[in-house]
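> Just a sequence and a predicted model for now, questions to come.
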Amino acid sequence: MPLSSSTPVQPAPLLQITNATVVKGRGKRILDGLHIEIGEGEHTAIFGPNGSGKSSLIKLIACLHYPLAPRDGPPPVRVFGRDRWNVFELRQHLGIVSPELHSLFADHRHGRLKGVEAVVTGFFASYGLFQHQAVTPQMWDRAREELALLDATHLADKPVEEMSTGEARRILIARALVPNPRALLLDEPTTGLDLLAGYRFMETLRKIARQGRTVILVTHHVEEIIPEVERIILLQAGRVFRDGPKQAVLTTENLSALYDAPIPVAESAGGYYRADLGERSP
């Protein structure tokens with residue numbers, strides 16, 4: 001029976017991973033039958049120890065890893081309802097920030113870019129500006145708007161190679177945001193940042209989350225999970241270990257089981273959490 005014109009059409013989830021398996025090396029399953037679904041507007045943290053599959057999951061979402069083809073059933077990975085993307089087109093919808101990306105821009109070949117120029121490369125998903133790329137006045141304006149949003153206007157004319165890690169990370173966020181993506185995927189976002197720079201970065205991320213873009217945060221630091229994140233997915237050995245609301249998942253019992261070690265977890269002031277590794281139950 002056809003749907004009536006008044007029947008609301010449900011939007012496709014931001015991310016649908018269905019029984020996805022990724023094999024590398026000598027047949028090792030780095031992701032093993034993974035099932036995850038995240039809706040738009042559902043700020044989520046994907047948390048786990050080193051080797052749990054977090055980086056592989058990011059590459060799977062970004063179309064840099066390819067899952068085993070299913071014998072039947074739905075495609076293993078769908079982003080915004082689609083299982084096939086041109087990588088450059090996907091970057092217009094899903095902004096990605098990672099330490100690896102920072103390393104690329106810190107490279108001497110790209111480090112000569114000024115801050116605003118690095119931001120503009122986000123329109124082209126490139127690591128430099130080239131003659132064949134038609135940069136419009138509107139693009140320059142958008143780049144400066146995003147720098148202003150991140151309180152980074154003063155970095156517009158500063159060469160990337162002269163920036164601190166915290167400054168460069170702001171540039172990369174502006175670069176990810178400049179095409180106006182629907183979601184932002186961040187991999188270990190405070191890596192290399194000192195205490196103050198890390199705090200400023202997380203406050204910037206909170207501002208972005210409150211403005212409506214979906215934030216997916218991948219980390220192994222409890223302290224990086226911003227209060228706006230309401231869902232936690234714990235990974236272990238390429239599988240989902242726990243998945244649910246933050247208060248139910250981010251507990252001493254769950255993290256102790258995840259790491260096979262006593263890890264007391266407590267909520268801090270302001271909605272953040274902390275893992276007090278120095279504390280032990282009597």
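It's in. Residues are numbered from 1 along each chain as shown.
> From here on, just use CA atoms for contacts and neighbour counts.
Will do.
> where along the chain do the strands fall?
15-24, 28-38, 44-47, 77-79, 94-97, 183-187, 214-219, 231-236, 239-245, 265-267, 273-275 (DSSP state E).
> between those strands, which gets nearest to Ala174?
strand 94-97 (9.6 Å; C-alpha to C-alpha).
> just to revisit the earlier point, Serialize the strands of the chain to CSV and add fields for mean pLDDT, distance to Ala257 and mean neighbour count.
As requested, the strands of the chain are arranged in CSV below (pLDDT from 0 to 100; distance: least, C-alpha to C-alpha, whole Å; neighbours: other C-alpha atoms under 10 Å):
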stretch, mean pLDDT, distance to Ala257, mean neighbour count
strand 15-24, 93, 24, 20
strand 28-38, 93, 19, 17
strand 44-47, 96, 13, 24
strand 77-79, 93, 28, 22
strand 94-97, 90, 30, 23
strand 183-187, 93, 23, 23
strand 214-219, 94, 18, 24
strand 231-236, 96, 10, 22
strand 239-245, 97, 9, 17
strand 265-267, 92, 12, 16
strand 273-275, 92, 14, 19
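> With distance to Pro137 as extra columns, can I get the ones you listed in TSV?
TSV is the format used below for the strands of the chain (distance: least, C-alpha to C-alpha, whole Å):
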stretch	distance to Pro137
strand 15-24	33
strand 28-38	36
strand 44-47	35
strand 77-79	31
strand 94-97	22
strand 183-187	25
strand 214-219	28
strand 231-236	39
strand 239-245	44
strand 265-267	46
strand 273-275	43
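> Quick one: closest of those to Val116.
strand 94-97 (16.5 Å).
> Show me what the closest one is packed up against.
Under the contact criterion of 3 or more C-alpha pairs under 8 Å, 6 or more residues apart in numbering; DSSP states H and E, strand 94-97 touches helix 165-177, strand 183-187.
> Just put those in TSV and tack on distance to Phe124.
TSV is the format used below for the helices and strands packed on strand 94-97 (distance: least, C-alpha to C-alpha, whole Å):
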stretch	distance to Phe124
helix 165-177	10
strand 183-187	17
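> Deepest-packed of those, please.
Mean neighbour count (mean count of other C-alpha atoms under 10 Å) peaks for helix 165-177 among the helices and strands packed on strand 94-97, with a mean of 25.
> Now do the contacts for the spatially most central residue of the chain.
Geometric centre of the chain, nearest residue: Leu185, 1.9 Å, by C-alpha atoms, centre = their mean. Listed by C-alpha atoms under 8 Å, 6 or more residues apart in numbering, the contact set of Leu185 reads Leu94, Gly95, Ile96, Val97, Val215, Ile216, Leu217, Val218.
> which helix in this protein runs the most residues?
In the chain, with assignment by DSSP state H, the single longest helix is helix 195-210.
> Which residues does that helix contact?
Residues outside helix 195-210 that contact it (C-alpha under 8 Å, 6+ apart) are His43, Leu150, Gly166, Arg170, Thr190, Val215, Glu224, Ile226, Pro227, Glu228.
> Compare those residues and tell me which has the most neighbours.
In terms of neighbours by other C-alpha atoms under 10 Å, those top out with Val215 at 27 neighbours.
> now that one: how far from Gln16?
With distances taken as C-alpha to C-alpha, to the nearest Å, Val215 is found 15 Å from Gln16.
> what's the answer for Gly25, then?
Taken as C-alpha to C-alpha, the span from Gly25 to Gln16 is 26 Å.
> try Pro181
For Pro181, the distance to Gln16 - C-alpha to C-alpha - is 18 Å.
> go on, Glu228?
Where Gln16 is concerned, Glu228 sits at a distance of 22 Å (C-alpha to C-alpha).
> same question, Arg175
25 Å.
> Buried residues in stretch 205-215, which are they?
Leu205, Arg206, Ile208, Ala209, Arg213, Thr214, Val215 (16 or more other C-alpha atoms under 10 Å).
> Please disregard the earlier target; I meant stretch 147-164.
For stretch 147-164, by 16+ other C-alpha under 10 Å, it's Leu147, Leu150, Ala152, Thr153, Leu155, Ala156, Lys158, Pro159, Val160, Glu161, Met163.
> Just these: which are in helices?
Filtering the buried residues of stretch 147-164 for helices - DSSP H - leaves Leu147.
> Off-centre distance for the worst-scoring helix or strand of the chain on mean pLDDT?
Across the helices and strands of the chain, mean pLDDT, DSSP states H and E gives its lowest value to helix 99-106, namely a mean of 74. Distance, stretch centre to chain centre, for helix 99-106: 15 Å (C-alpha atoms, centre = their mean, to the nearest Å).
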